[in-house]
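Colleague: pasting the sequence and the predicted model now:
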Amino acid sequence: MIYLDNCATTKLSDNVKQNILNNLNTFGNPSSSYNLGLQSARIIQESREIIAQCINCSPQEIYFTSGASESNTWALQEPFWCNDYEHHSITNNSHRVQTKDKSEIITYMMVNNEVGFINDIKLLREKYQDFKFHCDATQAIGNIKIDVKDLNIDTMSFSGHKFHAPKGIGILYVKGGQIKPLIYGGKQEKGVRGGTENILGISAIGVAIKEAFDNIDKKSAHCKILKDRLVYNLNQSGINYIINGQNLNTINSTLSISIKNIESEPILLQLDMKDIYISSGSACNSGSLEPSETLKWLNIPKEYINGTLRVSFDLDNTIDEIDVFSNELIKIVNRIS
């Protein structure tokens, strides 16, 4: 198998797998006052402290959620403005307004989930200093360093499954730690998110984020080698394609290309038959026949836009995998074009 869709989701790392196995018998309810419950509560607190250290905040400013979609919804309970190319959990939120003058919150992705371009959040925060500022950092974790104090943002969200933690666990950072509830129930998460905590997920995301932050530079350097190799192979092939966002500041782990006069879906299906996995764009936009808002914003020419492919690399990918993938891609394109 050659897996090159790490923007959509990632494999569990070995350390995360071991952490989950180690905690399988930790079943105590963390709200209980006896020892089994206290053991679970300690796991939650330890993970909260690790995450806080990674992004430079207080543990009391970290909340555990089911993922970034919930975190975004929780943070954006007041009128807010965003670009059309933000995540669907933001653009489909009923609190969204069309003009900044009617909003209380401004929100931006830190790293775009299709092309991988990096928004200068610190500069944007300074520009919108009269508003609250939310940031979806889902694609940024493990790719760029994050210091929430330096950025001076009010809230930030991300999902564990983008950096080798399990699905179903996410984070919401809240400056100062005060936020109104979204899910009502018990006294979990300081009384603002009811529901018994996901101990295995919470413990695992602490391990995963520590690994991700420790390996940022190593991952970036490795992924640049892979990206450069893929671009070289495609250039040598003579395929008529463009690199989307080529003039933007992008992370090294994502490459979005568009091939002229071709549909991406047949390519994905034929690669699937070879046990090779990439995507045509954001996994959250899969199934849509319409070009994404990101591609529209980039003004991708109409003869290229339907042939868009997103390749996303990670530390466990190899040069040999890139060569096999590019060889298969070139053969498919030449066959169906």
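Modeller: Here it is on my side, so go on.

Colleague: quick one: pLDDT of Glu285?
Modeller: For residue 285 the amino acid is Asn, not Glu. Per-residue pLDDT puts Asn285 at 51.

Colleague: and this protein, what are its domains?
Modeller: Residue ranges of the domains in the chain are recorded as 2-7+216-336, 14-214, according to automatic domain parsing.

Colleague: how far is the last one from where the chain is centred?
Modeller: Read it as domain 14-214. 11 Å (Cα atoms, centre = their mean, to the nearest Å).

Colleague: hang on, Val333 packs against Glu263?
Modeller: No - counting by Cβ atoms under 8 Å, Val333 sits too far from Glu263 to count as a contact (10.9 Å). For glycine as for every other residue, the C-beta is placed from the backbone atoms N, C-alpha and C.

Colleague: quick one, which of these two is more surrounded?
Modeller: Val333 (22 against 13; other Cβ atoms under 10 Å).

Colleague: contacting residues for that one?
Modeller: Ile239, Ile259, Ile262, Ile267 (Cβ atoms under 8 Å, 6 or more residues apart in numbering).

Colleague: three-state assignment of it?
Modeller: Following DSSP: H, G, I helix; E, B strand; the rest coil, Val333 is assigned to helix.

Colleague: which single one of the contacts of Val333 is nearest to Phe158?
Modeller: Minimum distance to Phe158 across those is 29.9 Å, recorded for Ile267 (Cβ to Cβ).

Colleague: what lies in contact with the host helix or strand of the closest one?
Modeller: Assigned by DSSP states H and E, Ile267 belongs to helix 264-273. By Cβ under 8 Å, 6+ apart, the residues outside helix 264-273 that reach it are 259, 277-280, 306-309, 325, 328-329, 332-333, 336.

Colleague: ok, now how distant is the closest residue to Ile171 other than its chain neighbours from Asp136?
Modeller: In this structure, Ile171 finds its nearest non-sequential neighbour in Phe158, 5.4 Å apart by Cβ to Cβ, 6 or more residues apart in numbering. From Phe158 across to Asp136, the span is 7 Å (Cβ to Cβ, to the nearest Å).
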